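Novice: Any chance you could fold what I've pasted below:
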Amino acid sequence: MQSDVSALSGRKHQADEVTVGSMPATASSAKLTHDSRTEFEVRDLRSIGELQQVREFWITHQNTLYNEFEYFECEVAHDETVLRPQVFVVMAEEKVRALVLGRLVLAMVPWKLGYRNVFTKPKKYLVIGRDAVLGHLDGPAAVAFFAHLEKSMQQEGIPFAHFRQIDMQLPAYEHVVDLAPSTCKDPVIEQEVHRTLNVDMSFDEFYGLRTKREKSNIRWDRNKFEKAFKGRFEIDCLQAERDVEKALEVAEGVTSKSYQRELGIGFKDDAVTRKLWRLKAGRGAFKMYVIRVDEKPVAYFFCVKRNGILHLEYTSFDPSYGQYQPGKYLLARIIERACEAPEEKIIDYGFGEATYKRQFSSDVRWEANVYYFARTPRGQYHRLIRFLVTGLHRKIKQRLEKWKLLDAIRTKWRSAARHILSGSDHRTVRRFKIGARA
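Specialist: This is a model prediction of the structure:
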């Protein structure tokens, strides 16, 4: 999702400093003196009640839907993998300078070979999510935070912290990757592209900027779909609060037939998803595009809109319509509508690469999933596993990309997952379960 450079760049806000009263006994703290003038202190807040102490600072500095106070509160309360919040408060002279939004989780570690998880049981670790820094975390404030983070992890037996989708241009990335002690550093940095598309133009202008091949593909995909289902399809946009239940039904109905369900990725209809979708709808940030053939949903894009940006969060299509590429057709129509909507300036495709993102993007930045390991036996054990398994995964992936085999293998694995769901090919099912099942 969209990261905001201003969260770390030192941009001035109207309420840069908020005084916080004494922390409860459950909150730990550590101090670091940078020079004779400034002493930084870092404290932990570990319950929803304690978060009220920094609510004013938080709300003043929140800049995306994903770091809004109520969104975080909802996720902590309803996500079964979250054990508790762990929000780090960086202070100087008894005033808040920055917040780092963390959660202690008991969840599967996302380290994989292909689509297969390395660990078969959930682990307890700390997650620092996307857009998780509010305020000014740079220079001595960042040094104080990471010193406290390491101490806190050692005291509580937490083996590692996972910094999700951190923008590689931000100062926090430098501290995690370059300035951390060597035994705390992530031995394998997983870099992923984050693509966006500028739609502050007419669709004709967008089309004119495509390559000759891309123009040909757009025309071919559109003509193929419209010819096959002439007079039988419609595109619907669900965006009202009353539409949430219908949207959940559409997403579950389509995703349950796709390879994503068998691989354990993509949309999941659970309590936290339902709560967050209703929260987004209440914020006016909810939008789902659905394409139906004979009144049956065959593809969808679930989006979050905020500050002129349309974030594409979930997508799936019915594989029985795969030859007509309903997802690509729907995306082209979404782009067309976004070009006509004055309030939408950018389409954000999110973290990770895909063919359609490459074809329909104008800007790119790099992000990374980065881990920070405790200097404890458990922390160093997980660091070794990370080095061996994820390093091997990356080498294999790089070699397959070099040989231009990666897309073909992904397609084969996804096809195998569809066969598992349909039960149509028992030999494929057996091979897939042995070699690639998540």
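
Novice: Run the chain-centre distance for stretch 206-218.
Specialist: Here the centre of mass of C-alpha atoms in stretch 206-218, compared against the chain's by C-alpha atoms, centre = their mean, to the nearest Å, lies 29 Å away.

Novice: again but with stretch 323-337, I slipped
Specialist: The gap between the average C-alpha position of stretch 323-337 and the chain average comes to 23 Å, counting by C-alpha atoms, centre = their mean.

Novice: buried sites along it?
Specialist: Along stretch 323-337, the positions that meet the burial threshold by neighbour count (16 or more other C-beta atoms under 10 Å) are 324-337. Bear in mind the C-beta positions are built from the backbone N, C-alpha and C, glycine included.

Novice: So which residues of the stretch 101-250 of the chain form strands?
Specialist: 112-113, 116-117, 123-135, 160-167, 190-198, 233-238 (DSSP state E, counting those that start in this stretch).

Novice: quick revisit: so which of the buried residues of stretch 323-337 is the closest to residue 215?
Specialist: Top of the list for closeness to residue 215, among these and by C-beta to C-beta, is residue 332 at 11.4 Å.

Novice: what secondary structure does the closest one sit in?
Specialist: Look at residue 332: counting by DSSP: H, G, I helix; E, B strand; the rest coil, its state is helix.

Novice: so it sits right up against residue 221, yeah?
Specialist: Yes: using C-beta atoms under 8 Å, residue 332 and residue 221 qualify as a contacting pair, with a distance of 6.8 Å.

Novice: which helices and strands sit right next to the helix or strand that residue 49 is a member of?
Specialist: Assessed by DSSP states H and E, residue 49 sits inside helix 48-51. If you count contacts as 3 or more C-beta pairs under 8 Å, 6 or more residues apart in numbering; DSSP states H and E, helix 48-51 packs onto helix 69-78, strand 82-92.

Novice: mind putting those in a markdown table, distance to residue 255 and mean pLDDT included?
Specialist: Shown next, in a markdown table, are the helices and strands packed on helix 48-51 (distance: least, C-beta to C-beta, whole Å; pLDDT from 0 to 100):
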| stretch | distance to residue 255 | mean pLDDT |
| --- | --- | --- |
| helix 69-78 | 20 | 93 |
| strand 82-92 | 23 | 96 |
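
Novice: Of these, which stretch is the most buried?
Specialist: Of all the helices and strands packed on helix 48-51, strand 82-92 carries the top mean neighbour count, a mean of 21, counting by mean count of other C-beta atoms under 10 Å.

Novice: helices and strands around that one, which ones?
Specialist: strand 39-45, helix 48-51, helix 69-78, strand 95-107, strand 123-135, helix 140-156.

Novice: Any chance of the strands of the stretch 101-250 of the chain in CSV with mean neighbour count as columns?
Specialist: Conversion of the strands of the stretch 101-250 of the chain to CSV gives the following (neighbours: other C-beta atoms under 10 Å):
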stretch, mean neighbour count
strand 112-113, 15
strand 116-117, 15
strand 123-135, 21
strand 160-167, 22
strand 190-198, 17
strand 233-238, 16
